[in-house]
Structure formats: structure tokens, C-alpha cells
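**Q** okay, predicted coordinates and the sequence, questions at the end:
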Amino acid sequence: MLYPLSTLLLAPVLIGQGRYVRRITPRLPEPEGERQGTVGEGPELRLLILGDSAAAGVGASNQQDALAGQLVSALSGDHRVTWSLLAETGRKAADVLTALNAVPGDHYDVVLVSVGVNDVTGRTSTRQWLSLLNELSDHLINRVGASRVLFTAIPPMHLFPALPQPLRWYLGMRARQMNGLMESVCKSRSELEYLSVSFPLEPGFMASDGFHPGPDAYRLWAGHSAGCIRNGGQAPTPEIQQGISGSSGHAY
């Protein structure tokens, strides 16, 4: 109830602030580097990293320092990891599903998904969000063959000082609502896991644009994800609770 009421009452301010943030925020490129490969020794693990610009590694200078590179590195000490990165700046959940449908039917054991920021800023409805999460889960389990799908929580957008108030509060409120829905979907199926990671809002953990992850954040995200994958869904200690990255009306 609060979200639609706030949308109605604050619309002129939110639209103006969104335009301002888009105008002044630098647009960082996706990093160069390999987006697939095989590395390591041990039991085979087929891994897909899927989603938006955070999955694509925006904020890192190369893929080795981004999520995919650091996650593969963390897992390669225990596994022979065959991995692929399917991610692009600006993708909503619907775009991720479309991208999946457009690629060959490769099979993966584990899929790590980063999606939601663009659905928050793009005002994806609650019904659409739930439908898309379920469709995406069905595709990854039934067509990709994943036995485990890790959905990363939408970041705590209410904490990012790059966003002015009340836009920061408004987007943060919606992000929390959509995280609750994501968590409920994950709890409904044994193959799904809700991955929640928090990071200090300090230099090094944020990219120069003020809301994408920096290399230190990618390292923590990758380490937390690798721990969950190794531990069969149990979060590594110390347990870390919340989301990664951040956004505005800017494509994530």
C-alpha cells in the first residue's frame, strides 16, 4: 500500500531526481576478459553466472577482478570448473529470460543469478516479478538442468548516498519488498537459494560511479557464493546478511 501511494504522491520529485541522477552519473563499461572457460582440478562443476551489470562485472577493470573471475578462482581449488558468463548492463528479469531462450541448451550444475535492480528502477509490478522469477527458475532447473540456483538479493538501495532523498528511500523500499518476494520464491523450491551478502559502504567496495560494486565487493560476493556452493547451501561464517551493489534510474 505504501509503495503505490508514495509513487502517486512523490511522482514529480522522483521523476526529476531520476533524470538528474542519470545525467550526472558516469556510465562505466563492462570489463574486458574471458566470459567462459575451464579451470582447476577435482570433481567437475558446471557453473553459469547470469544477470545484469553486476553479474557482468561493471566496476571492475577486468573480468578476473569481477564476480565471475573471482568466483571461478575461489572454486577452482576444489573443482574442475567449466563456466560461462551470460550478463549485460540494463537487463531486467524479463531480459535475462529472453537471453537464456536465445542461447544453446547447455547444461550447468549451479547457476548464480544477479537480477532485480533494473526491475526496481523500471517499476516491474509485483505480479510480473513473481511470474518472472518462477519462469526463470523453471527454465534453469528443467531446461538448463541446474540442481542449484542461487538468487542474489537486490542491493540495499536505501543506503547509497549517491541517490538523493526521497528517491533513495523510495527505491530502497521497493528493493526490500522485491527481496521479500524473491526469498519466498526461493523457499518454495528445494533447488533455489536466496543469497544475501552485505558489504561496508567504504572506498574500494564501491565503484567510481557510486553504486556498482568495486573489486573488494566482488571478492566478498564471490567468496560468500563459493562458500555456499561448497557447503551445500549453508552460508559461510561469519554470516553476512543483505544485498550487493546499488543503483538509481541508471541501468544496472
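**A** Perfect, I can see it now.
**Q** shaky segments in the protein?
**A** For the chain, applying pLDDT under 70 flags the ranges 1, 4-11, 161, 201, 203-204, 233-252.
**Q** do that again at 50, thanks
**A** Residue ranges of the chain with pLDDT under 50: 237-250.
**Q** which residues of it fall in strands?
**A** Secondary structure of the chain, counting by DSSP state E: strands at 36-39, 44-51, 80-87, 110-114, 148-152, 192-195.
**Q** from the ones you listed, which stretch is densest packed?
**A** Counting by mean count of other CB atoms under 10 Å, strand 110-114 has the highest mean neighbour count of the strands of the chain, with a mean of 27. Backbone N, C-alpha and C define where each C-beta goes, glycine included.
**Q** mind listing what that strand pairs with, with the direction of each?
**A** On the basis of DSSP bridges, the sheet neighbours of strand 110-114 come out as strand 44-51 (parallel), strand 148-152 (parallel).
**Q** quick one: distance of the last one to the chain centre.
**A** Taking the mean of its C-alpha atoms, strand 148-152 sits 10 Å from the chain's own mean (CA atoms, centre = their mean, to the nearest Å).
**Q** any chance of the strands of the chain in a markdown table, plus distance to S184?
**A** Output for the strands of the chain, formatted as a markdown table (distance: least, CB to CB, whole Å):
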| stretch | distance to S184 |
| --- | --- |
| strand 36-39 | 33 |
| strand 44-51 | 20 |
| strand 80-87 | 24 |
| strand 110-114 | 16 |
| strand 148-152 | 11 |
| strand 192-195 | 9 |
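**Q** break down the protein into its helices, ranges please.
**A** For the chain, the helices defined by DSSP state H occupy 2-24, 53-56, 67-75, 93-102, 117-121, 126-138, 167-187, 215-230.
**Q** and these as a markdown table, adding mean neighbour count and distance to E32?
**A** Converted to a markdown table, the helices of the chain look like this (neighbours: other CB atoms under 10 Å; distance: least, CB to CB, whole Å):
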| stretch | mean neighbour count | distance to E32 |
| --- | --- | --- |
| helix 2-24 | 13 | 25 |
| helix 53-56 | 28 | 11 |
| helix 67-75 | 25 | 11 |
| helix 93-102 | 17 | 20 |
| helix 117-121 | 27 | 23 |
| helix 126-138 | 17 | 28 |
| helix 167-187 | 19 | 30 |
| helix 215-230 | 22 | 14 |
